[in-house]
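A.B. asks: structure of the sequence below:
(2 chains)
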Amino acid sequence: MELSGGEILIQFLKDEGVEYVFGYPGGAVLHIYDAIYGQEDVKHILVRHEQAATHAADGYARATGKPGVVLVTSGPGATNAVTGIATAHMDSIPMVIITGQVHASSIGSDAFQEVDSIGITRPCVKHNFLVKDINKLAETLKKAFYIATTGRPGPVVVDIPKDITDPKVKVPYEYPKSVSLRSYNPVVKGHPMQVKRAVDLITTAKRPMIYSGGGVVLSGAHKELTEFTRMLGFPITNTLMGLGAYPGQDKQFLGMLGMHGTYEANMAMHECDVLIAVGARFDDRVTGKIEQFCPTAKIIHIDIDPSSIAKTVKVDIPIVGDVKNVLQDLLTLLKETKERPDATALHKWWEQIERWRGADCLAYDRRSTLIKPQYVIEKLYEATHGEAYVTSDVGQHQMWAAQFYKFETPNHWINSGGLGTMGFGLPAAMGVKLGFPDATVACVTGEASIQMCIQELSTCMQYRLPIKIVNLNNRYLGMVRQWQEFFYEGRYSMSYMDALPDFVKLAEAYGHVGIRCESPSDVEPALKEALAQKDRLVFLDFITDQTENVYPMIEAGKGHHEMHLSPERELA
Amino acid sequence: MRHIISLLLENESGALSRVAGLFSARGYNIEALTVAPTEDESLSRMTIVTNGSSEILEQIIKQLNKLVDVVKLMELTEGAHIERELALIKLDASGKNREEFKRLADIFRAGIVDVTTSSYVVELTGTVEKIDAFLDAIDKKFIIEVARSGVTGMARGERALRL
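C.D. replies: Numbering: from 1, shown residues only, chains lettered A, B, ... in the order given. Prediction:
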């Protein structure tokens, strides 16, 4: 089969099983868009800004586990995509981003819409390729998908000069079924000796703690993690990225840990004697002050990326491998051995944890006449039976969603954890909705974040994506305001946003439904109404208490045991 | 601690900038860096001299290994090894120092590879210390220019960096 470069790209995506491409056309990719025209195998979703293309592909990837695919033009197309690429990179999301490039002969001449896409994206991709030979296009694309989806996943950029896709130049095409790279062979199997050492340590634990992260979600190891945790009867906490990997309502689950983690999770981290870190990377928002992190614990760390191990925290038993494989090996060994941790000590440990849990650290003022943001999330949880896909933007609303929506299953909590990208939520929700058209998809956001990619309301209309937008509107950049209240003596520098749009009218202008909600008693009916409108995007604008803060809170650079609890909590 | 890391990487355009970019992005030191193609034309060999604690070295090695273009690497300073640097040194050899510089070059087993009535170019190979010692032995005002290659090296004996 002889095909042009543009045709090879589309045929390859079809052969690779790619369902959706999120993109935006422009000069350097016009040959490719001509190849897209008239075929239906690979569906192209036209976004309104390239950043949204990357977030949508990212959301699709996080929910489905399949790689997200993006197609943008050279120059500004590529630079607009960079925020989304960096977002995916920080959270290890498999994505392939095709960027157009000027003619190979023009590269380096400051041609129209030329930018060094390879150079610009290099620090925020897993790898990138510049295609210089049409005969290597299919092979390069295969390598890109292979690298993006294996080992620790991540985004891969393929930069294609316009002449490579010239419709007049046709070459034989055959789908490359497999690929091998001599310099890239991720270790997936844990070292048996290390696994054995881990079991030996686990069975001597008196105050154990399991701390699991996004790696468990990416690896699809939630079943193994749950079996492992239940078999041992250990307490478990999830990172922001790991929520849903262990059932959120289970009694062994202590909630999220870290800066806005629960009192019981953080205190158990501080006091534990054996810490089992599974697919988590000891991020600074999780560890707090390194010198005070788990001061009495021996640490087992399971991660597929060797460079995650001992990066910030020294560990006693490192195990490099896919967490699913390693957990299976641990389970096998635990089933073989009769050794079990001291039951009396574990019982005492749980008694201590229950006392911490008794602090009820997520308590908030339920008698307020203002809408409390936590209440909205609780009601969203109830109205969706905890089964919705929830995307979020970044800030207070993100933390409340993480704290109050009790995720029972993985891949349902979609947020920008590492990079903290405002504007992520709405386009990510589009990707999720395309991946799961019949599921309820809610985007929990704030009036500041939503405006960073608000233009995607138009995309949602074009493709009829009935997302439910839950806007926690406090007229402030809430998290900035909170930090200014705590650490800058209430000098609210540039955190108040005047002249907000009327979000109801705005939603209507895009052809959607808007509902404003100003009283606590209206919250539940509004959510029900929104969910009842199955085929419509509903923008729910909740006017919330402006001064509500996220608690508990560990100040940056403090230890896990130095938490602030809410004023309600401290009064009670 | 000073460390020398040798690595084989794909001889692709951009591979060098991936390594250099990694060092600058993560704040690692590069004291010297040399790179050239090998006898296998699909591979380049790079030698990096860096400074840092053993924890930082561990991260450097892990991060380098993570780069898709890096095929294999070895820390030379971990065992017995040879390291060499080449220096070209242009000296003002116009006056009474002309004879002195010739003698000094002989002592250091250096060659004089370019001669004019007023200058020498001395070619000197050796460890960093040897080249430093040669330069220290000459009054700075007679040094016109110095070009140093940076360190390259390999392990002694059977230990080898190859595929």
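A.B. asks: what comes into contact with the biggest helix by length in chain B?
C.D. replies: If you go by DSSP state H, chain B has its longest helix at helix B:54-66. Helix B:54-66 is contacted by residues A:305-307, A:309-311, B:1, B:3, B:5, B:7, B:19, B:22-23, B:26, B:28, B:50, B:52, B:70, B:73, B:75 when judged by C-beta atoms under 8 Å, 6 or more residues apart in numbering or on different chains. Where you see a C-beta, it was placed from the backbone N, CA and C, and this is true even at glycine.
A.B. asks: for it, buried residues please.
C.D. replies: By 16 or more other C-beta atoms under 10 Å in any protein chain shown, the buried positions in helix B:54-66 come out as B:56-64, B:66.
A.B. asks: is any residue of the helix or strand just after that helix near chain A?
C.D. replies: Next helix or strand after helix B:54-66 toward the C-terminus (DSSP states H and E): strand B:70-75. Yes - using C-beta under 8 Å from any C-beta of the partner chain, strand B:70-75 reaches chain A at B:70-72.
A.B. asks: pull the number of nearby residues for the closest residue to residue A:24 other than its chain neighbours.
C.D. replies: Among residues not flanking residue A:24 along the chain, residue A:50 sits closest, at 5.3 Å (C-beta to C-beta, 6 or more residues apart in numbering or on different chains). Residues lying near residue A:50 (other C-beta atoms under 10 Å in any protein chain shown) number 27.
A.B. asks: my guess is residue A:50 contacts residue A:74. True?
C.D. replies: No - between residue A:50 and residue A:74 there is no contact under C-beta atoms under 8 Å: 11.2 Å.
A.B. asks: quick one on the thing from earlier: rebuild the buried residues of helix B:54-66 as a markdown table, extending it with pLDDT.
C.D. replies: A markdown table is the format used below for the buried residues of helix B:54-66 (pLDDT from 0 to 100):
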| residue | pLDDT |
| --- | --- |
| B:56 | 95 |
| B:57 | 96 |
| B:58 | 96 |
| B:59 | 96 |
| B:60 | 97 |
| B:61 | 97 |
| B:62 | 97 |
| B:63 | 97 |
| B:64 | 97 |
| B:66 | 96 |
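A.B. asks: and these, which is closest to residue A:454?
C.D. replies: The nearest member of these to residue A:454, counting by C-beta to C-beta, is residue B:66 at 37.0 Å.
A.B. asks: now the closest residue to residue B:76 other than its chain neighbours, what's its secondary structure?
C.D. replies: Sequence neighbours aside, residue B:4 is the residue nearest to residue B:76 in space, at 4.2 Å (criterion: C-beta to C-beta, 6+ apart). With DSSP: H, G, I helix; E, B strand; the rest coil as the basis, the three-state label of residue B:4 is strand.
A.B. asks: got a list of what residue B:4 touches?
C.D. replies: By C-beta under 8 Å, 6+ apart, the neighbours of residue B:4 are B:47-50, B:75-77, B:81, B:83, B:151, B:153.
A.B. asks: taking those residues together, which two end up most distant?
C.D. replies: B:50 and B:81 (14.8 Å).
A.B. asks: neighbour count winner among these two?
C.D. replies: residue B:50 (21 against 17).
A.B. asks: helix/strand/coil for that one?
C.D. replies: Under three-state DSSP, the three-state class of residue B:50 is strand.
A.B. asks: which ones are touching it?
C.D. replies: B:2-5, B:23, B:28-31, B:57, B:60.
A.B. asks: recalculate using a threshold of 7 Å.
C.D. replies: B:3, B:5, B:28-31, B:60 (C-beta atoms under 7 Å, 6 or more residues apart in numbering or on different chains).
A.B. asks: if we can go back for a sec, hang on, isn't the residue nearest to residue A:24 packed against residue A:26?
C.D. replies: No - the pair residue A:50 / residue A:26 is not scored as a contact, 9.1 Å apart, by C-beta atoms under 7 Å.
A.B. asks: identify the residues contacting residue A:10.
C.D. replies: By C-beta under 7 Å, 6+ apart, the neighbours of residue A:10 are A:35-36, A:39, A:42.
A.B. asks: which of these lies closest to chain B?
C.D. replies: residue A:42 (26.0 Å; C-beta to the nearest C-beta).
A.B. asks: which other helices and strands contact the longest strand along chain B?
C.D. replies: Ranked by residue count and defined by DSSP state E, the top strand of chain B is strand B:81-92. Judged by 3 or more C-beta pairs under 7 Å, 6 or more residues apart in numbering or on different chains; DSSP states H and E, the packing partners of strand B:81-92 are strand B:119-126, helix B:128-136, strand B:143-148, strand B:152-155.
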